[in-house]
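[1] Using only what follows, build the 3D model:
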Amino acid sequence: MSIRIDQVTLENIKSYADETTITIGPGVTAILGDNGSGKSTIQEAVGYALFDTHPFQNQDRLVRDGESSGHVEVTFTVRETEQTYTVRRWAGRSKYDVLDENGDLLGLDTGGEVKDWLCNRLNVDTADDLSNVWERSVGVPQTDFISDFTQSEADRIDTFDPLFDIERYREAYSSLSGLKDEFEGEIGELEDEITRLEERLEDLPEAKRDVANYEDRVDELQEKVESLTGEIDGLENEKDDLESLQTDLEDARQKRTRLKEDKIPAQKTTLSNAKDRREKARKAKERLEEVKDDHEQHLEAQERLGELEEKREKRDELDSRLTKLNGDIDRVRDKISRLKEDKREAVAAHDRVEELEPKKERYEALKAEIEDLHKKEGRVEEIGERLNAITEETGRLENDVEELRGEIEDAKSCREEANRLTKLREQRQDLVAKKQSLENERQKCREQNEELREIELGEASEVACPTCDQPVTAEHRESVIEENEGRIGAITDTEIPAVESEIAALDEDIESARESKEAVDQIPQLEEQLDSITTEISDLRTEREELEAERESLTDTLDALPEKKAERDELEGVVDDYHTAKAKATDVDETKATLQDARRTLGEHLLAHQRVQNDLAEFDGLDTEISDVEAIIEDTADAHETYIRKEDDAAELPECEEEVEAERKKLESLRGKRDGIEETVEDLQSEFDPDRLTMVKSNLRELRDDRSKAEGKLEDRESDLQDARDGLNDLKEKRERKQSLEAEIEEVRRDQEFARWVRNSLQQGAEDLRDLVTSEIGDRANTIYQQLRGNPTETLVWDKTYNLRVRVRGQNKPFDTLSGGEKMAAALSVRLAVLEQLASVGVAFLDEPTANLDQQKKQNLVAQLEDLDELNQLFVVSHDRTFESMTERTVELTKDEDREMTKVVSE
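    Predicted coordinates:
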């Protein structure tokens, strides 16, 4: 998968105080601003949120000074699914969230789950690889951009191998280094165990005999136990029947006792209590009839009092409204008095405005004229700066013209050398064919010797010699073998090395001729560049003449500036007076309207006051009526309480009547049950024989003792049998274990041989893969470098140790000897080529990539960036303003030095 970043939000992160959101689109975006303005913080924020990396050991250093925490939000879209997510991460406290496009949190509870989720969206293998992908590819810090290429060979390999997963080969090779000793140790341990097992397996026949003897004794004891168990079961059944009769008899006797002594007396008491409650309810009903009239009068009086209370609340509300209206009337009268005074002051200010109007207009005219003159001053300064730049650019271009002319002459001088390339390549092909012929001859000699050595010679051998078809004798065979060995030695030691030496010498000549041909092929392009630069110089000179004429014209108009400034300064006080009077004068109409509104409000309040007084008249005599009703309530209160208290008791009378009748019936039922249980007791006593039960229990005890003894012996013999079986099984398992160990030894030996082959393959695979990767990326980096430099005669080389160098006309220039601009162009070329190859994320940042690059090389860089089709987005972080006109979009930042705070000027 690959992503497209849509926006980045920072709050309390370094110089970003207020919540700042930066919206971003596809393609190349320039993030511009002066040093310290917060450009790199945007790059760091993306690395922190999406790749778990930041430039400090402690993430708290990301938090703005004076704040306890801050947060970063990065919103991105997955290109393959068009799903949008927002990753929000805090600095200063542990919190990590992922939200979908609706703002809902995904169910990711820990930071580890968030990182695993990000790996899936960013096409990164594991969470441990996130920071490495950022620091070595997507967001290389400015400090490492060039320094990665100046490291030692071992450090360079440690830096770049992880980018291409080559370090996995090296890690695997190292991890297998101790396997040989481990395999041999494991085989030794297995053989020792087999020896111990063989000693124990000598006891196997005797163990089998012990098991058979114990099995016979166990069978005899089991038959005896089963016979005793049958007799015991018969007696157990008889005992159970007798005990059941005994239990039933005891239960019947207990039931009879409970009925006579507990239940029937208790029921008599319950019946008596029911009769008492019935009498109480009857008396309560009689008392209700006595107080019923006073109770009803009391209820009517309470209802009337409620109605009168509602009237009293309405009267009290009208009293409150009357009090509030009195206060409102007083406040409005005070306001009317103040407004009359404001009106008089506003009229005076209006006259003053008319007096100062002409002077104010003159001040405004002077201000506009002076502002226009200041703009002209600024234009004069701009012209001066541009003329200086033109002078500098013209000088640089003239130097480039001389340099190009020299390169063209150098290239023309290489034509003779370049014309030799085809002939040199043909000579090399002839030598390669000659070497192959010698190798074929050597192989044939070896095969003949092998065939001769395999021939079995008798007294009359008729086998033909493979070299001359003559019959083979011992003397002839030794002679031919010796002659072939001599020829093999000559080919191997003399002839093939001589041919290889000639090929090596030719390779050097071919490389020199190829470089010469490349230089000759670049002549048309160099001449085209020369014409372009010459035209550019002519255009600059024309621009200089036009700017000098414009500056002379502007300078003449600036002479009147001091006089106009002096007149404007004299009028500043008058303008202040004008604005003060204007403010008061504009209040005349408003003050009149406000005064009129206040008078209208006063009239409304007086009318409302009269209406409230009229409404209060209808409540005269209300307090007297309330007192009369309260007296009635007090006189009937005792009768009312008595009625309430006795009402529930009287209501229970019908229920009490029913309860008395029910309890009487229960008493009669219990007496019937008592008579039935008496009969049951007599029947059970006639069936139960206690003497027979005693005899059965005695016989059971004797039989159980006999069975217990037999079971004890059986348990002992079964234990002995189990021990014998366990011993036998243990020996069988040891026999199987021995067979398994022998097979395991063979398997370990096969694994040992396979591990040796794998380790050798891993070592060679790492070197081959590194060679392939650097070859492919190096070719692309060279193309980019030549386009950045605008010089096809320079060749960038990135070898399999990740070492960078530049080859110019056959001479190698190591990376450390390059100029600042050459180093930046070389590092940029490799970084861009790597990004093209590893563009699975789809996003990349370049921090200050134009250091030491001139204007033309900056333009070449932008053209290269726009051609990187594999990347969805590329961010160029720079203080160089030239990017503003070169890239598709820009984000410009500035810093408020007083508040130490970054602001977005434009997007």
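[2] My guess is Arg671 contacts Ile264. True?
    Yes - applying Cβ atoms under 8 Å, one finds Arg671 in contact with Ile264, separated by 6.6 Å. Quick note: C-beta positions are derived from backbone N, CA and C, even for glycine.
[3] of these two, who's got more company?
    Ile264 (16 against 11; other Cβ atoms under 10 Å).
[4] Next up, the contacts around that one.
    Leu667, Leu670, Arg671, Arg674 (Cβ atoms under 8 Å, 6 or more residues apart in numbering).
[5] Repeat the analysis, applying 6 Å as the threshold.
    When contacts are counted by Cβ atoms under 6 Å, 6 or more residues apart in numbering, Ile264 touches Leu670.
[6] Which of the three states applies to it?
    helix (DSSP: H, G, I helix; E, B strand; the rest coil).
[7] do you know how far it is from Lys666?
    Note on Ile264: its distance to Lys666, by Cβ to Cβ, to the nearest Å, is 10 Å.
[8] Then Arg121?
    Using Cβ to Cβ, which is the criterion applied here, Arg121 is 82 Å from Lys666.
[9] neighbour-wise, which of those two wins?
    When Arg121 and Lys666 are compared for neighbours, Arg121 comes out ahead with 20 against 13, by other Cβ under 10 Å.
[10] which strands and helices sit next to the helix or strand hosting that one?
    Here Arg121 sits within helix 111-122, counting by DSSP states H and E. When contacts are defined as 3 or more Cβ pairs under 6 Å, 6 or more residues apart in numbering; DSSP states H and E, helix 111-122 packs onto strand 96-100.
[11] Show me what counts as buried in the strand it packs on.
    Residues of strand 96-100 classed as buried by neighbour count (16 or more other Cβ atoms under 10 Å): Tyr96, Val98, Leu99.
[12] mean confidence score for stretch 188-208?
    Stretch 188-208 shows a mean pLDDT of 73.
[13] now stretch 80-93
    89.
[14] what's the neighbour count on Gly621?
    Residues near Gly621, counting by other Cβ under 10 Å, number 8.
[15] same thing with Gly27?
    Around Gly27 there are 14 other residues, counting by other Cβ under 10 Å.
[16] Repeat that for Glu545.
    Glu545 has 9 neighbours, counted by other Cβ under 10 Å.
[17] before we move on, the earlier item: rebuild the buried residues of strand 96-100 as CSV, extending it with distance to Leu190 and pLDDT.
    Putting the buried residues of strand 96-100 into CSV (distance: Cβ to Cβ, whole Å; pLDDT from 0 to 100) gives the following:
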residue, distance to Leu190, pLDDT
Tyr96, 50, 89
Val98, 52, 93
Leu99, 58, 92
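[18] quick one on the thing from earlier: give me the buried stretch members for the following helix or strand past the helix holding Arg121, please.
    Downstream of helix 111-122, the next assigned helix or strand under DSSP H and E is helix 130-133. For helix 130-133, a neighbour-count test (16+ other Cβ under 10 Å) marks Leu130, Ser131, Asn132, Val133 as buried.
[19] Quick one: the helices in the stretch 251-400 of the chain, in order.
    For the stretch 251-400 of the chain, the helices defined by DSSP state H, counting those that start in this stretch cover 264-412.
[20] Let me see the ranges of the strands in the stretch 701-850 of the chain.
    Using DSSP state E, counting those that start in this stretch, the strands of the stretch 701-850 of the chain run over 794-798, 804-808, 811-814, 843-847.
[21] ok, and what's touching the third one?
    Applying Cβ under 6 Å, 6+ apart, the set of residues contacting strand 811-814 from outside is Arg805, Val806.
[22] Can you list the strands that it pairs with?
    strand 804-808 (antiparallel) (DSSP bridges).
[23] now the partner strand, how far from the centre of its chain.
    42 Å (Cα atoms, centre = their mean, to the nearest Å).
[24] For the spatially closest residue to Ala301 that is not a sequence neighbour, report the pLDDT, please.
    In this structure, Ala301 finds its nearest non-sequential neighbour in Ile632, 4.2 Å apart by Cβ to Cβ, 6 or more residues apart in numbering. If you check Ile632, the pLDDT there is 83.
[25] Assign Ile632 to helix, strand or coil.
    Classified using three-state DSSP, Ile632 is helix.
[26] Quick check: the gap between it and Glu313.
    21 Å.
[27] Phi, psi for Asp799 please.
    phi -90, psi -180 (degrees, to the nearest 10).
[28] follow-up on the earlier one: could I get the buried residues of strand 96-100 as JSON lines with distance to Glu478?
    Listed next are the buried residues of strand 96-100 as JSON lines, based on distance: Cβ to Cβ, whole Å:
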{"residue": "Tyr96", "distance to Glu478": "83"}
{"residue": "Val98", "distance to Glu478": "83"}
{"residue": "Leu99", "distance to Glu478": "89"}
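[29] any idea which of those residues is closest to Leu530?
    Closest approach between the buried residues of strand 96-100 and Leu530, by Cβ to Cβ: Val98, at 56.7 Å.
[30] Double-check that closest one against Thr110; I have them as touching.
    No - judged on Cβ atoms under 6 Å, Val98 makes no contact with Thr110 at a distance of 11.7 Å.
[31] From Gln246, how far out is Gly234?
    On the measure of Cβ to Cβ, Gly234 and Gln246 end up 19 Å apart.
[32] give the contact list for the closest residue to Arg256 other than its chain neighbours.
    Counting by Cβ to Cβ, 6+ apart, Arg256 lies nearest to Ile677, which is 4.6 Å off, once chain neighbours are set aside. Contact analysis of Ile677 by Cβ under 6 Å, 6+ apart lists Ala252, Lys255, Arg256.
[33] of all the strands of the stretch 701-850 of the chain, which gets the most neighbours per residue?
    With neighbours defined as mean count of other Cβ atoms under 10 Å, these peak in mean count at strand 843-847, which reaches a mean of 23.
[34] other SSEs contacting it?
    Packed next to strand 843-847, using 3+ Cβ pairs under 6 Å, 6+ apart, are strand 873-878.
[35] For the strand it packs on, which strands pair with it and how are they oriented?
    Short version: by DSSP bridges, strand 873-878 pairs with strand 27-32 (parallel), strand 843-847 (parallel).
[36] burial of Glu135, as a residue count?
    Neighbour tally, Glu135, other Cβ under 10 Å: 19.
[37] So for it, what's the nearest residue that isn't a sequence neighbour?
    Residue nearest to Glu135 in three dimensions, not counting chain neighbours: Thr53, with 6.1 Å by Cβ to Cβ, 6+ apart.
[38] Near the one you found, how many other residues are there?
    Thr53 has 19 neighbouring residues, counting by other Cβ under 10 Å.
[39] so who does it touch?
    By Cβ under 6 Å, 6+ apart, the contact set of Thr53 is Gly47, Ser131, Trp134.
[40] again, but for Val773
    Contacts of Val773 by Cβ under 6 Å, 6+ apart are Phe164.
[41] Dihedrals phi and psi, Ala560?
    Note on Ala560: its backbone torsions stand at phi -80, psi 0 [degrees, to the nearest 10].
[42] any idea how far His374 is from it?
    Taking Cβ to Cβ, one finds Ala560 at 13 Å from His374.
[43] Asp128 now?
    From Asp128 to His374 the distance is 60 Å (Cβ to Cβ).
[44] Equivalent analysis for Asp689, please.
    138 Å.
[45] can you check Ile22 too?
    34 Å.
[46] and these two? which has more neighbours close in?
    Ile22 (18 against 12).
[47] For the spatially closest residue to that one that is not a sequence neighbour, list each beta-bridge partner.
    In space, and not counting its chain neighbours, Ile22 is closest to Val8: 5.0 Å by Cβ to Cβ, 6+ apart. Note on Val8: beta-bridge partners by DSSP bridges are Ile22, Val74.
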